[in-house]
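1. From the sequence below, what's the structure:
(chains A and B)
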Amino acid sequence: MTGPPVSNDPVARARMMLQAGQWAAARFRAYDHGSVRNIVAGVARAGHEHATALAKATVEETGYGVAEDKATKNRIASLGIAEHYDGDDFVTPRVDAQHRIVEVPKPAGVIFALIPSTNPVSTLYFKVILALMTRNAVVVSPHPGARQVCMDACALLRDAALQAGAPRGTIQIVDEPSIPLIEALMGDPHTNVILATGGTGVVRAAYQSGTPAIGVGPGNAPVMVDRTADAAAAAKDLVDSKAFDNSLLCSAESVLIADAEIAKRLTAELTRAGAHICAPEETERLRSYLFPDGHLNLEAVGQSAATVARSAGIRTSTRTRLLVTPLALVIPEEPLASEKMCPVLGLNIQPDPGAAIRAARAVLRVAGAGHSAAIHSNDPDVVIAFSEALDVLRVVVNAPNSTGVAGFDTNVAPTMTVGTGFTGRSSLGENLEPRHLVNWSRVAYNKNEAIAFPDFEALRPWERIFKPQGIPHVEETTDASQELREQIRQLVLEELRDLVGSR
Amino acid sequence: MRMVDMGNHHFPALARTALANALLATCHEGMSKVVYGASGGEANDIAIKSARYASKRKKIVSIFRAYHGNTGLSLGATDERFSERFLSGRPDEFVHVRFNDIAAMEEALASREVAAVIMETIPATYGFPMPLPGYLAEVKRLCEEYGSIYIADEVQTGLMRTGEMWAIYGYGVEPDILVTAKGISGGLYPLSAVVLNERCGQWLDEDGWGHISTGAGSELGCVVGLKVLEITQRPAVRAMVQAASAHFAEGLGAIASSQPDWLIGLRQNGLVMGLEFNHPEGAKLVSRALYDNGVWAIFATFDTRVLQFKPGLLLSPDDCDDLLDRVAVSVAEAGERVS
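-> Predicted structure coming up:
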């Protein structure tokens, strides 16, 4: 006999993780708001402290992106998210005396969280923290290309959660991810909901598993600049947005549609802001380098504009941060009209705003339905016409799309997971938020006022009554809470200043 | 495959019978026989032969610049462009009159020597000029008055392309003979068919082998034809054709209004469309530009100002928008080449 006497089956081990997750979730759902808040704060703090180190490790392991930008995303996806939802309570029952209804939260249970290689640590932070806020257990499945950094990040968050009192087994990670394993876990009855971020294949597989799933569709954002726009500001936003983490966010602009009236000024401003407008033969070179056999060349993903230019055989200046390729027609057989995942932006010029809106629709026919689009305009009529005509669920106005969609530069919910809605074949039409991971039982009393509706407010705190024995309740003092809040606020302000200042 | 009959031979076949019944069900009362061919030209030959048989006359009237095929008799009804070179025209048997000219039609029929008028409901190779209101019905009335047969060539206009199964019914005309080909093959298997009324189909009772054609009405082709009829008759297809027609009317209208001196006319009945350009060979240039941009739409052979524009019946809204984008760009490119 040569092999071990028993097989070491990764699928069986992973299924056991889901079972352990069920136990953790069963205990976790008895936690009160204060305990949950402490756990979230502890985990967010730990994530924030290691944001930079893990960002560097991500770039080393995956070979793409910009460490500094990844650190920004990691910080926003940890303390930024914790701060954003600090006032929200997904734990305590709500009383609606007027309608004679009490709402009791029911966590999903075990979340199976798929993590892409493009934004691994920030997505992992985000999904884990959302799970904790809603008292769910989570089993993380990293993209094999970012396995080690995800293992490290997960261990960090797991330890912080344990230290703050979370049940053992609340945060787990699959250490040998593979397609058969992922398929097995997605269809496992111990998985309660799948958070699928990744390629179309994995998202479709999630929906076909029979398990409730929140999947996202791919982006391919058109960005329109009309004649009323501030050309200099638009150009700066575009270059910054495309250079941010080398366009690895799915919301990075894909094709720029310029109103002919502003096109000349805009391209001049783009050049000034660090863009290189390609000559026809340069565009051809990029086309054959980026899409050698019609499919995106993975070597180019997340590389800087300078690296992409060099590989494609294009001479650019050292300060080039974006390559712009003019396109005569936006059609499915034009590869440069699809998602490029590096700082390359298509450019299509249209005679008037109406034609530009039609061209923006054409970009979405190539890919990206339900995701996002950006517009730079000072004409509210054009903004609304654009928003009505385009099948996207986020329209970012006069801001970078990359960071605008994720809620960094706009006031939509900060997220690493962008729901693409019905048109993008997703069950979620918004940015993923904690509230999407919890159901509420409606405790509905008889409409008849003669039948008593008790004073539930007087029964608080609920957790004292319902808390099972043996689970440590970590008391939070008002002072500590205030201090933590202030600390978080300062850190987030600092981040935002950095982000804004670097633009 | 051992049980499948390949053509119009000496044995009865289930698929041929089923398709004949299905075709008759799409036509008006009084149509009673179906004869199969392998091509549109052959089908028009059969139609002309049947009309000559029924009327005991020989002359055939078609319109000036018509196209009905390249085989024997259909070639006579076609413009001389295709017969001259081969010394195969038959000017003494075939008369051509102008489309939409009732007086010319009456003059041609009044001699009572005409076996049949053969007409495409909307002449494709002449650039889809739309029949004037009442024109086709008046031609049919004249046929009845002077004892001629009316042959509706529905090769291009039939099969729900106008939102009617056969365009001719949309003009209130019940033809004596109806010809279908091209689309009925589903683009998969060569097939054409001629639907005859009792009088025109009488010869089949006299001589069932009167028109023999080996590959015509092969069972495989008939299965394809049955499926084509089944699909085109779905209520959803009619609804889609109507919606897509309206979408193209708007979209092409917008393109025309952006280039009013270049794209000067839109002819449309459902998904039968002609785009008229302000240059003797305008549609050739547009055809070329469209080809470069991934669209195949041929100019009208006998009026090269006009582009034949016949999108498929089963397009999605996205397909239509994509097509309109390509048309907008191609029309503009061709326009620049002219000026």
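2. can we go C-alpha only for contacts and neighbour counts from here?
-> Noted.
3. check contacts around the nearest residue to residue B:198 once chain neighbours are set aside.
-> Of all residues not flanking residue B:198 in the chain, residue B:32 sits nearest, at 5.5 Å (Cα to Cα, 6 or more residues apart in numbering or on different chains). For residue B:32, the contact set (Cα atoms under 8 Å, 6 or more residues apart in numbering or on different chains) comprises B:24, B:195, B:196, B:197, B:198, B:201.
4. Of all the residues in stretch A:31-49, which ones are buried?
-> Judged by neighbour count using 16 or more other Cα atoms under 10 Å in any protein chain shown, the buried positions of stretch A:31-49 are A:31-48.
5. Take the residues you listed and keep only those in helices.
-> Among the buried residues of stretch A:31-49, DSSP state H puts A:33-48 in helices.
6. Which residue ranges make up each domain of chain B?
-> B:14-232, B:235-338 (automatic domain parsing).
7. ok so, going back, closest one of the contacts of residue B:32 to chain A?
-> Nearest to chain A among the contacts of residue B:32 is residue B:24, at 41.4 Å by Cα to the nearest Cα.
8. rewinding a little: now the phi/psi pair for the residue nearest to residue B:198, please.
-> phi -140, psi -10 (degrees, to the nearest 10).
9. likewise the one 3 residues further on?
-> Dihedral angles of residue B:35 (phi, psi; degrees, to the nearest 10) stand at phi -120, psi 140.
10. How about it: what's its closest non-neighbour residue?
-> Using Cα to Cα, 6+ apart, the nearest residue to residue B:35 is residue B:194, at 5.2 Å.
11. Could you pull up the residues touching residue 108?
-> Picking chain A for this. A:136, A:192, A:193, A:437, A:438, A:439.
12. right idea, wrong chain: chain B
-> B:61, B:95, B:97, B:114.
13. How about the contacts made by the last one?
-> Counting by Cα under 8 Å, 6+ apart, residue B:114 touches B:57, B:58, B:59, B:60, B:61, B:108, B:147, B:148.
14. try the first one
-> Residues near residue B:61 by Cα under 8 Å, 6+ apart: B:77, B:94, B:95, B:96, B:97, B:108, B:114, B:116, B:117, B:118.
15. could you redo the last one with a cut-off of 10 Å?
-> B:76-77, B:93-97, B:105, B:108-109, B:114-119, B:148, B:150 (Cα atoms under 10 Å, 6 or more residues apart in numbering or on different chains).
16. ok, what's across the strand from it?
-> Residue B:61 has the following beta-bridge partners by DSSP bridges: residue B:95, residue B:117.
17. mind checking how far stretch B:125-139 is from the chain centre?
-> Distance, stretch centre to chain centre, for stretch B:125-139: 13 Å (Cα atoms, centre = their mean, to the nearest Å).
18. Show me the strands in chain B, by range?
-> Counting by DSSP state E, chain B has strands at residues B:31-37, B:59-63, B:94-97, B:114-120, B:149-153, B:177-180, B:192-197, B:263-269, B:272-277, B:299-300, B:303-309.
19. Show me what the third one is packed up against.
-> Secondary-structure packing of strand B:94-97 (3 or more Cα pairs under 10 Å, 6 or more residues apart in numbering or on different chains; DSSP states H and E): strand B:59-63, helix B:72-77, helix B:102-109, strand B:114-120.
20. Now render the ones you listed as CSV, adding mean pLDDT.
-> Shown next, in CSV, are those (pLDDT from 0 to 100):
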stretch, mean pLDDT
strand B:59-63, 97
helix B:72-77, 95
helix B:102-109, 98
strand B:114-120, 98
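21. Number of residues surrounding the nearest residue to residue A:29 once chain neighbours are set aside?
-> Ranked by Cα to Cα, 6+ apart and with sequence neighbours excluded, the top spatial neighbour of residue A:29 is residue A:135, at 5.5 Å. Residues within reach of residue A:135, counting by other Cα atoms under 10 Å in any protein chain shown, total 33.
22. Quick one: residues contacting residue A:135.
-> Shown in contact with residue A:135 (Cα under 10 Å, 6+ apart): A:24-33, A:36, A:40, A:90-91, A:105-110, A:129, A:166, A:170, A:437-438.
23. Can you select the buried ones from those in ChimeraX?
-> Only the buried entries of those go into this ChimeraX selection, using 16+ other Cα under 10 Å:
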select /A:24,25,26,27,28,29,31,32,33,36,40,90,91,105,106,107,108,109,110,129,166,170,437,438
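24. Look up which residues are beta-bridged to the residue lying closest to residue B:30 once chain neighbours are set aside.
-> Using Cα to Cα, 6+ apart and skipping the chain neighbours, the partner closest in space to residue B:30 is residue B:197 (5.5 Å). Beta-bridge partners recorded for residue B:197 (DSSP bridges): residue B:31.
25. of all of the stretch 1-150 of chain B, which residue lies closest to chain A?
-> residue B:127 (27.7 Å).
26. still on that earlier bit, from the contacts of residue A:108, which ones fall inside strands?
-> Applying DSSP E to the contacts of residue A:108, the entries found in strands are A:193, A:438, A:439.
27. List just the nearest of these to chain B.
-> The closest of these, once distances to chain B are taken by Cα to the nearest Cα, is residue A:193, at 32.6 Å.
28. Report whether the expected contact of that closest one with residue A:211 is present.
-> Yes. If you go by Cα atoms under 10 Å, residue A:193 and residue A:211 touch, sitting 6.3 Å apart.
29. Just send the contacts of residue B:32 back as JSON lines, with neighbour count and pLDDT too.
-> Output for the contacts of residue B:32, formatted as JSON lines (neighbours: other Cα atoms under 10 Å in any protein chain shown; pLDDT from 0 to 100):
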{"residue": "B:24", "neighbour count": "19", "pLDDT": "98"}
{"residue": "B:195", "neighbour count": "28", "pLDDT": "98"}
{"residue": "B:196", "neighbour count": "27", "pLDDT": "98"}
{"residue": "B:197", "neighbour count": "20", "pLDDT": "98"}
{"residue": "B:198", "neighbour count": "16", "pLDDT": "97"}
{"residue": "B:201", "neighbour count": "24", "pLDDT": "97"}
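30. Farthest-apart pair in those residues, please.
-> B:24 and B:201 (12.9 Å; Cα to Cα).
31. okay, and the common contacts of those two?
-> Counting by Cα under 10 Å, 6+ apart, the residues touching both residue B:24 and residue B:201 are B:31, B:32, B:33, B:34, B:195.
32. how about residue B:31, what does it touch?
-> With the criterion set at Cα under 10 Å, 6+ apart, residue B:31 makes contact with B:23-25, B:174-178, B:195-201.
33. at 8 Å instead, please
-> Per Cα under 8 Å, 6+ apart, neighbours of residue B:31: B:24, B:176, B:195, B:196, B:197, B:198.
34. returning to that earlier point: now do the residue nearest to residue A:29 against chain B, distance only.
-> Using Cα to the nearest Cα, to the nearest Å, one gets 43 Å for the distance from residue A:135 to chain B.
35. Next one: that residue, what pLDDT does it get?
-> For residue A:135, the pLDDT comes out at 98.
36. Same check on residue B:245?
-> 96.
37. try the one 5 residues further on
-> At residue B:250, the predicted lDDT confidence score is 96.
38. same question, residue A:301
-> So, for residue A:301, pLDDT stands at 97.
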